[in-house]
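Engineer: Mind looking at a prediction? Sequence and model below.
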Amino acid sequence: MQNTAFNPQKSINTAMQLMQAGQFENALQIFNQLEKSGFNDHRLFRVMGSAYERLANITAAAKYFNKSLTLQPRQADLNIALGNITSSNNDYALAKTYYQLAVDQSPDNKGYKLKLANCMLLNREYEKALDLLESISSDDPQNLLATIGKCRAYAAMGEEALAIRQLEEALTQRPQQIELIKEFGWLYKNLGRAELAIHWFEKRLEFEPNNAEAIEDLALAYLDNGNSQQALRIIQHGVKENPLNQMLNKLLTSLKFELAQNNHLDHYQSLSREQMPNGMFIDYVQNLLKMDQISQAEEELREASKYADKSTVIHYLQLMLWKKKHQFESIIDTLQKLRANNVTLNGSQSEILVQAYLAIGEGPKALTIIKSMLDRNPQDQYYWALYTTALRQVGSDLYYKYCDYDKYVFQQSLILPSSQGSVFEFNQKLKVLLEKLHTSKQNPLDQSLIGGTQSAGQLLNRQDELISEFKQALLTTSAQALEQLKFDKNHPVGQFVGGTNHFSSSWSVRLSSQGFHIPHVHTKGWYSSAYYVDLPSEIGTESKQGWLSLGKPGIFLNRPLDAEKWIKPEPGNLVLFPSYFWHGTEAFESESPRLTVAFDLLSN
């Protein structure tokens, strides 16, 4: 029966009052009712998008912002919002389109132009970004953000002197400008010059001695410089001064764990759950689950249920708890009820639902969801890993289109400049350098490696002649291997063929006896790698000790899927594989470590 008492205007007024009171979920119930009734207005969809954005449901926010723009295209601020969303998903090409629309609609808005310029920087269009930033500076010579943008553009183009000059000239006029001092620190950090980065981050702390961000930056610079103990002392001081700062507490947890301190969660446990911010509470409970402290995690959720402001995070953490306990039917039942009530699942909820369907062998249902996720985020490497896992689970031949190990995996000896002599001699020098960078005592808390250590910071950004030659050798070797690929805009590998390769991340791993890598994927790359520097003699052909495996999913499945390709490590060999390929290593027994370098490549 039709509800004759339904009054659209009254409903809108009520919903807007709820929005102003911060009751976004209640407001959305009314907005959804309005949408169902046939109310089709760009202002409705705009405010629905805003409500979803406040609830961190970015997928739904983007959906309704786009619906609003379809009805009323000239909404520059919504184009900016969509640019922000797509940029956060690392889709800088699409983000640039949205930002450009906003600039076209509001050509005098310097903030929109800066958004566009920064997106161009992220998309590695440095000269275009510089032109736009110069135009902003010509109209507004004191624009600090334009100056910082030009510094970043010059640094990315290898023009270090010009980058420094931008900051020096601006700092001469404003010697106490915190943003310029901070930018100097990050410029040197990204250039691999840790000592100079430390100098500038310490200078910033002179002006803001207890600023959480400044403390974190300084600690990270000390980690880059190999001084883990000093980084720990700085973070401990920072947490003492900022006990409710999420990032400082998270970094303290990681540092204490890597330095093998048994009390790595004590700083969370000393706080009352009522005062602990939601983000910190999520970090704390997730760490309990990582350490298999399930009973403690359940107790924390029971305690948090006493506080109304924890309801949203309790829902998320309950899903994570069920996942840890392999109670996948509970996950499916809960999330399907939300979908039945026309609630748009956010990215993390959709991801958990896909994993739950795969865990119980419901590949077809997983495929339906993950396809729509890939439509929205076509460059998400983890989504591709879930998608290909679902294809393999249902026995689809399409799996081999995306996971052709013979076609997309490459092995090649490192190509060195003639001045370096043999690869063996080069590796011996590289080994000495890398060993000095492994200053922690055990594996990172949030990484795939077990029984080993990982270097801090961006390895290939370090200012060292040997590293510079190694970096160039890796680029040359990768380019020669990948030249066999062909462009295919419909393939997650082929769509980037023909671009310019660059490193998005790089590190070294030192595995000890019984060490291994849990199967995983890399979310920050297009192609990922393993370069073998030094290997134990026990890694041979008689067994697969220490071998690299490809194809075994790193998620729970009711019927496990085995690895489909094995690669025996060889010193001086570089192995390249698509970043969405599941990969791991087998444990080994030896008194000698297994020393490797890894990196992620992007191409544009």
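Structural biologist: In hand now; what should we look at?
Engineer: Residues touching the host helix or strand of Ser478, excluding its own?
Structural biologist: In this structure, Ser478 sits in helix 465-482 according to DSSP states H and E. Contacting residues not belonging to helix 465-482 are listed as 192, 410, 412-417, 420, 426, 429-430, 433, 459-460, 497, 501, 503, 527, 529, 531, 574, 576, 597, 599, 601 [C-beta atoms under 8 Å, 6 or more residues apart in numbering]. Heads up, the C-betas are built off the backbone N, CA and C, glycines and all.
Engineer: gap between Asp140 and Lys113?
Structural biologist: 10 Å (C-beta to C-beta, to the nearest Å).
Engineer: Between those two, tell me which one has more neighbours.
Structural biologist: Neighbour comparison, Asp140 and Lys113: the larger count goes to Lys113, with 23 against 12 (by other C-beta atoms under 10 Å).
Engineer: ok, Glu208 touching Ile178?
Structural biologist: Yes - taking C-beta atoms under 8 Å as the definition, Glu208 is a contact partner of Ile178 at 6.7 Å.
Engineer: Buried residues in the helix or strand where Phe201 lies, which are they?
Structural biologist: Here Phe201 sits within helix 194-207, counting by DSSP H and E. By 16 or more other C-beta atoms under 10 Å, the buried positions in helix 194-207 come out as Ala194, Leu196, Ala197, Ile198, Trp200, Phe201, Glu202, Lys203, Arg204, Leu205.
Engineer: The last one reaches Asp217, doesn't it?
Structural biologist: Going back to what we said before, that points to Leu205. No - using C-beta under 8 Å, Leu205 is not in contact with Asp217; the gap is 9.0 Å.
Engineer: which residue packs closest to Val394, ignoring adjacent ones?
Structural biologist: Gly363 (3.9 Å; C-beta to C-beta, 6 or more residues apart in numbering).
Engineer: how about Ala530, phi and psi?
Structural biologist: phi -140, psi 120 (degrees, to the nearest 10).
Engineer: need the helices for the stretch 101-250 of the chain, in chain order.
Structural biologist: 110-122, 126-139, 144-156, 160-173, 178-190, 194-207, 212-224, 228-241, 246-258 (DSSP state H, counting those that start in this stretch).
Engineer: Reformat these as CSV; add mean pLDDT.
Structural biologist: Shown next, in CSV, are the helices of the stretch 101-250 of the chain (pLDDT from 0 to 100):
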stretch, mean pLDDT
helix 110-122, 96
helix 126-139, 96
helix 144-156, 96
helix 160-173, 95
helix 178-190, 96
helix 194-207, 96
helix 212-224, 96
helix 228-241, 96
helix 246-258, 96
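Engineer: got TSV for these, with distance to Gln275 too?
Structural biologist: TSV is the format used below for the helices of the stretch 101-250 of the chain (distance: least, C-beta to C-beta, whole Å):
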stretch	distance to Gln275
helix 110-122	35
helix 126-139	42
helix 144-156	35
helix 160-173	39
helix 178-190	28
helix 194-207	26
helix 212-224	16
helix 228-241	14
helix 246-258	13
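Engineer: Out of these, which is closest to Met373?
Structural biologist: helix 110-122 (22.2 Å; C-beta to C-beta).
Engineer: and the closest one, C-alpha only, in PDB?
Structural biologist: Provided in PDB are the C-alpha atoms of helix 110-122 (Å, rounded to 0.1, in the frame of the first residue of the first chain):
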ATOM      1  CA  LYS A 110      43.700  28.700  -7.400                       C
ATOM      2  CA  GLY A 111      42.900  25.800  -5.100                       C
ATOM      3  CA  TYR A 112      41.400  23.800  -7.900                       C
ATOM      4  CA  LYS A 113      44.500  24.500 -10.100                       C
ATOM      5  CA  LEU A 114      46.800  23.300  -7.300                       C
ATOM      6  CA  LYS A 115      44.800  20.100  -7.100                       C
ATOM      7  CA  LEU A 116      45.200  19.600 -10.800                       C
ATOM      8  CA  ALA A 117      48.900  20.400 -10.700                       C
ATOM      9  CA  ASN A 118      49.600  18.000  -7.800                       C
ATOM     10  CA  CYS A 119      47.700  15.300  -9.700                       C
ATOM     11  CA  MET A 120      49.900  15.900 -12.700                       C
ATOM     12  CA  LEU A 121      52.900  15.400 -10.400                       C
ATOM     13  CA  LEU A 122      51.500  12.100  -9.200                       C
END
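Engineer: just how off-centre is it within its chain?
Structural biologist: Between the centre of helix 110-122 and the centre of its chain there are 21 Å (C-alpha atoms, centre = their mean, to the nearest Å).
Engineer: Which strand runs longest in the protein?
Structural biologist: The strand spanning the most residues in the chain, taking DSSP state E as the definition, is strand 501-520.
Engineer: Buried residues, it. List them.
Structural biologist: 501, 503-513, 515-517, 519-520.
Engineer: quick one: it to helix 465-482, angle?
Structural biologist: Strand 501-520 and helix 465-482 are oriented at 80 degrees to each other (axes from the mean of the first three to the mean of the last three C-alpha atoms, to 10 degrees).
Engineer: Dump strand 501-520 to CSV, keeping only the CA atoms.
Structural biologist: What follows is strand 501-520, C-alpha atoms only, in CSV (Å, rounded to 0.1, in the frame of the first residue of the first chain):
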residue,chain,number,x,y,z
ASN,A,501,59.3,2.5,-15.9
HIS,A,502,60.0,3.8,-12.4
PHE,A,503,60.3,2.4,-8.9
SER,A,504,57.4,2.9,-6.6
SER,A,505,59.0,1.1,-3.7
SER,A,506,62.2,-0.8,-3.0
TRP,A,507,63.7,-2.7,0.0
SER,A,508,66.0,-5.5,1.0
VAL,A,509,65.1,-8.7,2.8
ARG,A,510,67.4,-10.9,4.9
LEU,A,511,65.8,-14.3,5.8
SER,A,512,67.3,-16.4,8.5
SER,A,513,67.0,-20.2,8.8
GLN,A,514,63.4,-21.3,8.8
GLY,A,515,62.5,-17.9,7.3
PHE,A,516,59.9,-17.6,4.5
HIS,A,517,57.4,-15.4,2.8
ILE,A,518,53.6,-15.9,3.2
PRO,A,519,51.9,-15.9,-0.2
HIS,A,520,50.9,-12.3,-0.9
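Engineer: Which elements pack onto that strand?
Structural biologist: With contacts defined as 3 or more C-beta pairs under 8 Å, 6 or more residues apart in numbering; DSSP states H and E, the packing partners of strand 501-520 are helix 423-437, strand 449-454, helix 465-482, strand 583-585, strand 594-603.
Engineer: Sheet partners, orientation included, of the shortest one?
Structural biologist: Pointing back at strand 583-585 there. strand 501-520 (antiparallel), strand 548-550 (antiparallel) (DSSP bridges).
Engineer: Tell me which helix or strand comes right after the shortest one.
Structural biologist: Elements were assigned by DSSP H and E; along the chain past strand 548-550, the next helix or strand is strand 565-567.
Engineer: what does the helix or strand that that following strand is followed by rub up against?
Structural biologist: Next in sequence after strand 565-567, counting helices and strands by DSSP H and E, comes strand 573-578. Residues outside strand 573-578 that contact it (C-beta under 8 Å, 6+ apart): 408-414, 474, 477-478, 481-482, 492-493, 526-532, 548, 550, 567, 583, 601.
Engineer: tell me the angle strand 573-578 makes with helix 423-437.
Structural biologist: Using the same axes, to 10 degrees: strand 573-578 against helix 423-437 is 70 degrees.
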